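Colleague: Next one to model:
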Amino acid sequence: MLTTIVLAPLAAGATWVFTAGDTTTTTLVGAGCLSSILISPDLDMEERTISESLIFRVSSILGMLWMALWYPYALMAKHRGVSHIPIFGTLTRLLYIAVVYLSVHVLLHYVSDDFDAYIMMHYT
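Modeller: Numbering: from 1, shown residues only. Down below sits the predicted model:
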């Protein structure tokens with residue numbers, strides 16, 4: 001974690017220099033480096049991780065939401081198992097995020113359609 005904190009600004013600075021001040025690329029490189037602190041292989045642990053503790057320092061509500069988001073992943077993945085294999089572990093976390101995103105998207109779309117239909121039926 002300390003390595004990432006030290007190297008992220010250096011990577012962003014080097015990106016700024018080599019892309020002639022392209023702020024979008026520099027921001028994405030910096031965010032990508034810092035996201036490795038939050039989305040770590042240790043999210044497969046059921047107890048609080050270092051990344052979750054960092055989020056709790058910012059906001060206890062965000063920390064609880066973050067832990068709730070990753071708790072099913074912790075139940076599915078054995079600690080120090082697949083999630084710690086460099087490429088495969090990253091892919092499993094990306095797949096998990098994609099499934100969560102799509103599930104929420106479909107749920108909100110369904111609820112939104114029902115809510116719109118309810119409003120149209122009762123208030124127009």
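
Colleague: How far does the helix or strand of the chain with the lowest mean pLDDT sit from its chain's centre?
Modeller: Least confident helix or strand, the chain: helix 2-18 with a mean of 77, by mean pLDDT, DSSP states H and E. In this view, helix 2-18 has its centroid 20 Å away from the chain centroid, taken as Cα atoms, centre = their mean, to the nearest Å.

Colleague: ok, and what's touching it?
Modeller: The contact list for helix 2-18, computed with Cβ atoms under 8 Å, 6 or more residues apart in numbering, reads Asp22, Thr25, Thr26, Thr27, Val29, Gly30, Cys33, Leu34, Ser36, Ile37. Where you see a C-beta, it was placed from the backbone N, CA and C, and this is true even at glycine.

Colleague: For the helix or strand harbouring Ile97, which residues meet the burial criterion?
Modeller: In this assignment (DSSP states H and E), Ile97 forms part of helix 86-123. Neighbour counts using 16 or more other Cβ atoms under 10 Å place Gly89, Thr92, Arg93, Tyr96 of helix 86-123 among the buried residues.

Colleague: Please parse the chain into its domains.
Modeller: 1-38, 41-124 (automatic domain parsing).

Colleague: Determine which of those shows the lowest mean per-residue pLDDT.
Modeller: Ranked by mean pLDDT, the domains of the chain bottom out at domain 1-38, which scores a mean of 78.
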